[in-house]
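Chemist: model this:
(one chain, ligands or ions: 2)
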Amino acid sequence: MQKKAILDLDTGIDDALALAYALGSPELEVIGVTTTYGNVLLETGAANDLALLELFGAPEVPVYLGEPHAQTKDGFEVLEISAFIHGQNGIGEVELAKAAAAAQPGAVDFLISSVKEHGDDLVIIATGPMTNLSAAIAKDETFADNAHIVIMGGALTVPGNVSPWAEANINQDPDAANDLFRSGAEVTMIGLDVTLQTLLTKKHTAQWRELGTPAAIALADMTDYYIKAYDTTAPHLGGCGLHDPLAVGVAVDPSLVTLLPINLKVDVEGETRGRTIGDEVRLNDQVRTSRAAVAVDVDRFLNEFMTRIGRVAAAN
Ligand code: RIB
Ligand code: CA
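Modeler: Ligands and ions are numbered 1, 2, ... in the order given. Down below sits the predicted model:
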């Protein structure tokens, strides 16, 4: 059965790829995009989402503005490393036509009402900081018990990517991610443990370029920018990490990864602030509300990725 999906994005190049993956997946009906800050400011991310939805042939999908910064902070500034990896505009300095549609306020309310309306038929895929999800949990006491969430974030068995402990999405708002893990919501964590194994190279993007459509060229250009940044920041990998698309891949087909049932928490104090780790307080609970991906079928995922992105790229 087709599942309804909401993507909570800080768009970002790999968020853009995640959006294309979702739109290219017949198993998912994307009912909305909620926006968060992270790779870019909230408004820039929303403008990117709107432009990408139009480019990918889905201008009817509504975009909702979320929280502009962590609740524990007064504001948000894009980190230098984020701008280096994703470009100043978040999509590798690729210029897209401004969308005709506008973003609406109310991401948190949209998340809450969608969970109420669709329950088990809905998956929320969050690929930026968890601030909107934490706000939804705080605002509606039924949200956590009924939400099914796949996140890109965290690092359980490998070091972080912004500090030895912290992965970028968790690092932006460790308190929000901790709220999420401890809320009892069903959370599947797709962290660096697996996303740094799924790598894309210019050989792959050349296949899109050959398609010659506007969407294919834009996707190839922005992803080549991302690959180039990875060549500098992580030359040992030999490609760019498909972080956010893997979260969508798992929402469609959880068998792409091996999932460890575990009650997670995030360290919110001291020098390990931002670390995702097992919650010692709930170690012996029979119920495990989170699952962390610890292995991935790389070849099968890359094949799915190229097929689904290719579908959107070829048609638009
Ligand atoms: O650590 C990788 C994550 O941080 C991805 O979601 C990327 O888009 C950035 O937000
Ligand atoms: Ca992201």
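
Chemist: contacting residues around the residue of the stretch 201-316 of the chain found nearest ligand 1?
Modeler: Closest approach of the stretch 201-316 of the chain to ligand 1 (Cβ to the nearest ligand atom) occurs at His243, with a separation of 4.1 Å. Any C-beta I mention is one placed from the backbone N, CA and C, and that applies to glycine too. By Cβ atoms under 8 Å, 6 or more residues apart in numbering, the contact set of His243 is Asp14, Thr127, Met152, Ile190, Leu192, Thr195.

Chemist: thinking the fifth one is in contact with Gly160, fair?
Modeler: Yes. Under the contact definition of Cβ atoms under 8 Å, Leu192 touches Gly160, with a separation of 7.1 Å.

Chemist: who touches both of those two?
Modeler: With Cβ under 8 Å, 6+ apart as the test, Leu192 and Gly160 both reach Glu167.

Chemist: returning to that earlier point: quick check: PyMOL command selecting the buried ones in the contacts of His243.
Modeler: Buried members of the contacts of His243 can be picked out in PyMOL with the line below, counting by 16 or more other Cβ atoms under 10 Å:
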select buried, resi 14+127+152+190+192+195
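
Chemist: which of the contacts of His243 are close to ligand 2?
Modeler: With respect to ligand 2, and counting by Cβ under 5 Å from the ion, the subset of these in contact is Thr127.

Chemist: tell me which of the contacts of His243 fall in strands.
Modeler: Where the contacts of His243 overlap with strands, as defined by DSSP state E, the overlap consists of Met152, Ile190.

Chemist: give me the three-state assignment for Glu269.
Modeler: When classified by DSSP: H, G, I helix; E, B strand; the rest coil, Glu269 comes out as coil.

Chemist: which strand or helix spans Lys73?
Modeler: Secondary structure assigned from DSSP states H and E places Lys73 in neither a helix nor a strand.

Chemist: please name the residues that touch it.
Modeler: Here Lys73 is in contact with no residues (criterion: Cβ under 8 Å, 6+ apart).

Chemist: quick check, the helix or strand in which Leu180 is found touching ligand 1?
Modeler: Mapping Leu180 onto the secondary structure by DSSP H and E places it in helix 174-182. No. Remark: helix 174-182 sits outside contact range of ligand 1, by Cβ under 6 Å from any ligand atom, the gap being at least 12.2 Å.

Chemist: helices or strands next to that helix in the packing?
Modeler: Based on contacts counted as 3 or more Cβ pairs under 8 Å, 6 or more residues apart in numbering; DSSP states H and E, the elements that helix 174-182 packs against are helix 131-139, strand 148-152, strand 264-266.

Chemist: shouldn't Val187 be within a helix?
Modeler: No. Looking at Val187 with three-state DSSP, it is strand, so not inside a helix.

Chemist: correct me if wrong: it contacts Lys265.
Modeler: No. Proximity of Val187 to Lys265 does not meet the contact threshold set by Cβ under 8 Å, at 11.5 Å.

Chemist: between those two, what contacts are shared?
Modeler: With Cβ under 8 Å, 6+ apart as the test, Val187 and Lys265 both reach Phe181.

Chemist: these two - which one has more neighbours?
Modeler: Of the pair Val187 and Lys265, Val187 is the one with more neighbours under other Cβ atoms under 10 Å, namely 26 against 19.

Chemist: what residues are up against the closest residue to that one other than its chain neighbours?
Modeler: Nearest residue to Val187 in three dimensions, chain neighbours excluded: Ser290, at 4.5 Å (Cβ to Cβ, 6 or more residues apart in numbering). With contacts taken as Cβ under 8 Å, 6+ apart, Ser290 has the following neighbours: Phe181, Glu186, Val187, Thr188, Met189, Pro261, Ile262, Asn263, Leu264.
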